[in-house]
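Peer 1: sequence plus the predicted model coming up.
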Amino acid sequence: MVPEHAEEVLTIYRLGIDEGDATFETAAPTWEQFDSIKLPDHRHVAIDEAGKVLGWVAAVPVSDRCVYAGVVEHSVYVHPDSRGRGVGSALLRALIESTEAVGVWTIQSGIFPENASSLALHQKEGFRVIGTRERIGQHQGTWRDVVLVERRSPAIG
């Protein structure tokens, strides 16, 4: 993922936000905000043969404490027109490869239980459900649960 992808990445993010079951966020960040928090080596885009961004995945550290140095939280978004074509799987596999290459042992995410396709995608790619954090936060005035999923690297730790 490079700055040239910014507009399409943020458009896909906004589309996910607008659907209502992807994130607690209510607006996409600016590219500068996005770029400043996402780990540079763990951002990937899927691009079609014409150069159009089909989806993206990116990770952030879960903590600055050294004990959690090998734990990241990720987001994965696929353009609605590109879903069901293996884009999400390819993105998660790219993230797994890049994180394992530098010793990350846990990739985690919180997913709304209503987002069945994301839960199925993560299960397919080796993530397991840790549990449900009930009423963890409000989204547009409604308390929402989040299913915590993680993938522990079999190669590390």
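Peer 2: Happy to help now that I have it.

Peer 1: hey, let's count contacts and neighbours off CA atoms from now on
Peer 2: OK.

Peer 1: quick one, strands of this protein?
Peer 2: Secondary structure of the chain by DSSP state E: the strands cover 43-47, 53-61, 71-78, 106-111, 128-139, 142-152.

Peer 1: pLDDT (mean, whole number) over the first one?
Peer 2: For strand 43-47, the mean pLDDT works out to 98.

Peer 1: related to what we said a few turns ago, out of the strands of the chain, which is closest to residue 30?
Peer 2: Nearest of these to residue 30, taken as CA to CA: strand 53-61 at 15.1 Å.

Peer 1: now for the closest one, which elements pack on it?
Peer 2: helix 6-19, strand 43-47, strand 71-78, helix 87-100 (3 or more CA pairs under 8 Å, 6 or more residues apart in numbering; DSSP states H and E).

Peer 1: export the strands of the chain to CSV and append columns for mean neighbour count.
Peer 2: Putting the strands of the chain into CSV (neighbours: other CA atoms under 10 Å) gives the following:
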stretch, mean neighbour count
strand 43-47, 20
strand 53-61, 22
strand 71-78, 22
strand 106-111, 22
strand 128-139, 14
strand 142-152, 18
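
Peer 1: as CSV, the ones you listed with distance to residue 24 would be great.
Peer 2: CSV is the format used below for the strands of the chain (distance: least, CA to CA, whole Å):
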stretch, distance to residue 24
strand 43-47, 20
strand 53-61, 16
strand 71-78, 12
strand 106-111, 10
strand 128-139, 6
strand 142-152, 9
